[in-house]
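Trainee: 3D, please:
(2 chains)
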Amino acid sequence: MVSVINSEWYKLRKSKVIFLLFVAPLIGLFIGLSGSFNAIGAMNEWYEKLVVMNSTYAILFLPLISGVLASVICRYEHQEGGWKQLLALPVTRGKVFLSKYLLLILLMLAMQLMYLVSIYLVGMIEGITDPFPMDIVWKSIFGGWVATLPLIALQLWVSIAFKSFAAPFAINVIFTLPTILVINSERFGPYYPWGQPFLMMNIGGSTEDVFFVPWDQILTVVGGSFLLFFIGGYLYFLKKAI
Amino acid sequence: MEYIVETKHLTKKFGKEEAVSNLEMKIPKGEIYGFLGPNGAGKTTTIRMLLGLMRPTSGSVQLFGKDMKNNRIDILKNIGSLVENPSYYPHLTAKENLEASRKILNVPKKRIDEVLQQVRLHGVANKKVKGFSLGMKQRLGIAAAMLHQPELLILDEPTNGLDPSGIIEMRQLIQSLPEEYGMTVLISSHLLSEIDQMATRVGVVSKGKMIFQDSIETMRKFAQASIQVKVNDNEAAWRSLLANGQKADLEKESVTLQAEDDGQVAASIRYLVQQGFSIYRVQEEKRSLENIFLEMTKEEQSG
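Mentor: Purely as a prediction, here's the structure:
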């Protein structure tokens, strides 16, 4: 299993797409630096930054970049018969799927941590003197990551299914863009996979829970959709004729 | 006999169409098995099932005496393969391509240099495969297949896209494998001449059915020249030959002798002369393997 992940990481590392990981945290950094939004009137200056940075990052860039990475990790397999070669090696399809998935979520975790660094940098540069709200930031960082888990499973599924690079990307963009509308809907917001990262990262939800979203919602929506997408993609890949 | 590859009633349907039907392939150890058939006969589909890339609709695949269904990983550890077009990662160099497979196969790093040397790609080891010619990609594919020194090498159309000198090199390489490493090789091709020069056993497939499977010598026997004799009364000559215990066939305008050597031919002719037949012509008709192959596949198609 480790050897398969190793091989996956090797192939991805050499593709240089890995620099994409820096894009979202960097953009977050610029957004954080570009404006001052004193209107919110929060008690802690960090909160303002978080609200502004999180919205663009979580609504747009997090789901977009995870989608692109999912496509890339399948693209070189689709291109010149890579699936054939890979699956004729002594590996099970299950392991290949799991390795690709694990690698993706680890990369997204790395991106979340870089984003955490951006948040901190913004504060340093702007000279924010308020205490760094560590617990809230962690909730946001890890919550956002947990929320991308089902989304990545879905993106991996779509990327395996479509041979073209553009198709999964287009689908991803089409579903990412309405997020800003959907998350404002009381009825659909909590169930929209692309909206979960924002809902989980957005500070100001209930602060008593571990995350900003109540546990039962996490378990049902995030957990449920994770199971659905992961098992769906997994079974699809097992059955797929190469 | 110990078979490395043995399929039983192997069948694959795509919708209603049977791409492979009731195929029984048997490959003994140490042979170079030529898997021959026209394009679209089901060669690649069969190979995909041998590698577990595709599930058979019915029937079974046994490799090294183990069933594919339950021992896929064990079996694949001992197989190297090149299926259809060469597979590779365009963004990686030749060396990196092999490294990606090596990590999974868990073989020592020096194997990469060894196989690159074997297929003569060591000079371009650090170039991106994107810019390789088809022949170079093909050789890289073979290098990848040999990385873990498998017991069985499955090569689907390995000489596709190679230039003549590349084909000769490839042939020499493949022919040396059973002797040097005790490998068994399965090679598919639609070109009989290709198989004829390498294989020790042949399986001919047409429309998904195995229509011939035996040693290459047996196949060559079909190609032996036959002697046609034209006499004044063909039928009477034929009868008198048969009565004398010599094998012969009556054709429209001649009698064909089924003689195994020159002595038999001479004896038959002498006998005919003694019987008072006027012999107009004695001619040799050669049937090439190519003709036999065409006839075999044609019969199948019209039937």
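
Trainee: what residues are up against whichever residue of the stretch 201-303 of chain B sits closest to chain A?
Mentor: Proximity of the stretch 201-303 of chain B to chain A (Cβ to the nearest Cβ) peaks at B:G208, 16.6 Å away. In this view, the C-beta of every residue, glycine as well, is placed from N, C-alpha and C. B:G208 is in contact with B:K12, B:E18, B:A19, B:V20, B:S21, B:L23, B:A41, B:G42, B:T45, counting by Cβ atoms under 8 Å, 6 or more residues apart in numbering or on different chains.

Trainee: so can I have JSON lines of those showing neighbour count and secondary structure?
Mentor: As requested, the contacts of B:G208 are exported to JSON lines (neighbours: other Cβ atoms under 10 Å in any protein chain shown; DSSP: H, G, I helix; E, B strand; the rest coil):
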{"residue": "B:K12", "neighbour count": "23", "secondary structure": "strand"}
{"residue": "B:E18", "neighbour count": "16", "secondary structure": "strand"}
{"residue": "B:A19", "neighbour count": "22", "secondary structure": "strand"}
{"residue": "B:V20", "neighbour count": "29", "secondary structure": "strand"}
{"residue": "B:S21", "neighbour count": "19", "secondary structure": "strand"}
{"residue": "B:L23", "neighbour count": "24", "secondary structure": "strand"}
{"residue": "B:A41", "neighbour count": "24", "secondary structure": "coil"}
{"residue": "B:G42", "neighbour count": "24", "secondary structure": "coil"}
{"residue": "B:T45", "neighbour count": "21", "secondary structure": "helix"}
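
Trainee: tell me what the longest helix anywhere in chain A is packed against?
Mentor: The residue-count maximum for a helix in chain A (DSSP state H) belongs to helix A:93-126. Where contact means 3 or more Cβ pairs under 8 Å, 6 or more residues apart in numbering or on different chains; DSSP states H and E, helix A:93-126 is packed against helix A:2-13, helix A:20-34, helix A:45-56, helix A:62-79, helix A:82-87, helix A:134-161, helix A:224-239.

Trainee: In it, which residues are buried?
Mentor: For helix A:93-126, the neighbour count (16 or more other Cβ atoms under 10 Å in any protein chain shown) marks A:93, A:96-101, A:103-105, A:107-108, A:111-112, A:114-116, A:118-119, A:122-123 as buried.

Trainee: Quick check: residues of chain A near chain B?
Mentor: Counting by Cβ under 8 Å from any Cβ of the partner chain, chain A comes close to chain B at A:3-4, A:6-7, A:10-11, A:14-15, A:76, A:79-82, A:84-92, A:241-242.

Trainee: Using PyMOL, define a selection of the buried residues within the residues you listed.
Mentor: Provided next is the PyMOL selection string for whichever of the residues of chain A next to chain B are buried by 16+ other Cβ under 10 Å:
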select buried, chain A and resi 4+7+10+11+14+15+76+79+80+81+82+84+85+86+87+88+89+90+91+92+242
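
Trainee: Tell me who's in contact with A:L106.
Mentor: Here A:L106 is in contact with no residue (Cβ under 8 Å, 6+ apart).

Trainee: scratch that, B:L152
Mentor: With contacts defined as Cβ under 8 Å, 6+ apart, B:L152 is in contact with B:I4, B:V5, B:L63, B:F64, B:N78, B:I79, B:G80, B:M183, B:T184, B:V185, B:L186.

Trainee: Was I right to think the second one contacts B:K29?
Mentor: No - counting by Cβ atoms under 8 Å, B:K29 is not a contact partner of B:V5; they are 9.7 Å apart.

Trainee: Comparing those two, which residue is more hemmed in?
Mentor: Just comparing B:V5 and B:K29: by other Cβ atoms under 10 Å in any protein chain shown the higher neighbour count belongs to B:V5, 21 against 16.

Trainee: Let me see the contact set for that one.
Mentor: By Cβ under 8 Å, 6+ apart, the neighbours of B:V5 are B:M25, B:K26, B:I27, B:Y33, B:L50, B:V61, B:Q62, B:L63, B:L152, B:T184, B:L186.

Trainee: try it again with 6 Å
Mentor: By Cβ atoms under 6 Å, 6 or more residues apart in numbering or on different chains, the residues touching B:V5 are B:M25, B:I27, B:L63.
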